[in-house]
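> any chance you could fold what I've pasted below:
(one chain, ligands or ions: 1)
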Amino acid sequence: QTETPAFGRVLLKISGEALMGDTTFGLHPPTVQRIAREVKSVRDMGTEICMVIGGGNIFRGLAGSAQGMERTTADYMGMLATVMNALAMQSALEELGVFTRVVSAIPMDQVCEPYIRRRAVRHLEKKRVVIFAAGTGNPYFTTDTAATLRASEMSCEAIFKGTKVDGVYDKDPKKHADAKRYETVSYDEVLQKHLGVMDASAIALARENRLPIIVFSLDEPGGFRGILAGRGTYTRVTA
Ligand code: UDP
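Now for the predicted structure:
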């Protein structure tokens, strides 16, 4: 508990699929609880934490529009899916005694707070975990872009992108034994080589705002905290 964190304020981005565990749809409560414990262990070091959770475990706009649904409507459904995930994570965090606020880009006052930048900053200063729901509030965007936007607005020092592998590789490490992990990689290289860290608009926004992206494995117990304490393997995406 005496470790000093390397960052004062970070944003953790996870996909909706990270909450599925080994299932193929929706929420797997033990997995949500496990991730909540990882978040708590970082919060307990004193780091202020923002979170953005995707919605792909429930609904993706592109999938809906591919099946004939109007794209913007499908995207709103995807944004609503992120609200469900945010509420599930809030519940798991508060079960652990971590005060948490869900703030939504689409106001729905009975369910959570609307996103108001200054208010969100205040929550962070009070050491509450803030979960930013409903993406950017706009169709045709992704939660990766929402994560970069909110991290910039909240003056986060880095985005932590939790994935299934411990960094960015030159090819899929689950398929190729000789895949090589980058220690650091530039935004431009990520874009040119289509390294699939986040979508292109999110990477471009991070580049403009000089926001480092730390890609790490969320499957590794204690991994999130370890990186903040200066341990572990990850890839750092910077200029
Ligand atoms: N979405 C959107 N605008 C946003 C963020 C998300 O329209 O600003 C919709 C979009 O349809 C997307 C869905 O919400 O497919 C779920 O988000 P995402 O695909 O980013 O989730 P993830 O892949 O991270 O689980």
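
> if you count residues, which helix in this protein comes out on top?
If you go by DSSP state H, the chain has its longest helix at helix 71-95.

> give me the average confidence score over that one.
This predicted structure assigns helix 71-95 an average pLDDT of 98.

> how about the secondary structure of the residue nearest to Met154 when sequence neighbours are not counted?
With Cβ to Cβ, 6 or more residues apart in numbering as the criterion, Met154 has its nearest non-adjacent residue at 5.4 Å, and that residue is Cys50. All C-beta spots, glycine's among them, are computed from the backbone N, C-alpha and C. In terms of secondary structure, Cys50 is strand; the call rests on DSSP: H, G, I helix; E, B strand; the rest coil.

> one step back: buried stuff in the longest helix of the chain?
The neighbour-count check on helix 71-95 (16 or more other Cβ atoms under 10 Å) flags 74-90, 92-93 as buried.

> after it, which helix or strand is next?
Per DSSP states H and E, helix 71-95 leads on to strand 100-104 as the next helix or strand towards the C-terminus.

> that following strand: partners in the sheet, and parallel or antiparallel?
Applying DSSP bridges to the sheet, strand 100-104 is found paired with strand 113-114 (parallel), strand 129-133 (parallel).

> helices of the chain, start to end?
Taking DSSP H as the criterion, the chain carries its helices at 29-43, 61-66, 71-95, 117-125, 143-153, 187-192, 200-208, 223-228.

> quick check: which of the ones you listed is buried the most?
When you average the neighbours per residue for each of those (mean count of other Cβ atoms under 10 Å), helix 143-153 leads with a mean of 25.

> for the strands paired with strand 100-104, which one sits closest to Phe25?
Closest of those to Phe25 is strand 129-133, at 19.5 Å (criterion: Cβ to Cβ).

> what does the closest one rub up against?
Residues external to strand 129-133 that are found in contact with it (Cβ atoms under 8 Å, 6 or more residues apart in numbering): 39, 43, 49-53, 82-83, 85-87, 89-90, 93, 98-105, 112, 115, 120, 123-124, 146-147, 150, 154.

> to the chain's geometric centre, what's the distance from it?
Between the centre of strand 129-133 and the centre of its chain there are 10 Å (Cα atoms, centre = their mean, to the nearest Å).

> same question, stretch 121-140
Shown here is stretch 121-140, whose average C-alpha point lies 11 Å from the average C-alpha point of the whole chain (Cα atoms, centre = their mean).

> repeat for stretch 216-227
Relative to the mean C-alpha coordinate of its chain, stretch 216-227 is positioned 14 Å out (Cα atoms, centre = their mean).

> now swap in stretch 98-114 and tell me
The chain centroid and the centroid of stretch 98-114 are separated by 17 Å under Cα atoms, centre = their mean.

> who touches that stretch?
With contact meaning Cβ under 8 Å, 6+ apart, stretch 98-114 is reached by 36, 39-40, 43, 76, 79, 83, 86-87, 89-90, 93-94, 115-116, 119-120, 123, 126-137, 146.

> list the buried residues for it?
For stretch 98-114, a neighbour-count test (16+ other Cβ under 10 Å) marks 98, 100-106, 112-113 as buried.

> tell me the mean pLDDT over it?
Confidence over stretch 98-114 (mean pLDDT, whole number) is 98.

> next one: the residue lying farthest from the centre of the chain from Thr23, what distance?
Each residue of the chain has a distance to the centre, and by Cα atoms, centre = their mean the biggest one is for Gly68: 28.9 Å. Here the distance between Gly68 and Thr23 works out to 27 Å (Cβ to Cβ, to the nearest Å).

> that concludes my questions; thank you for your assistance.
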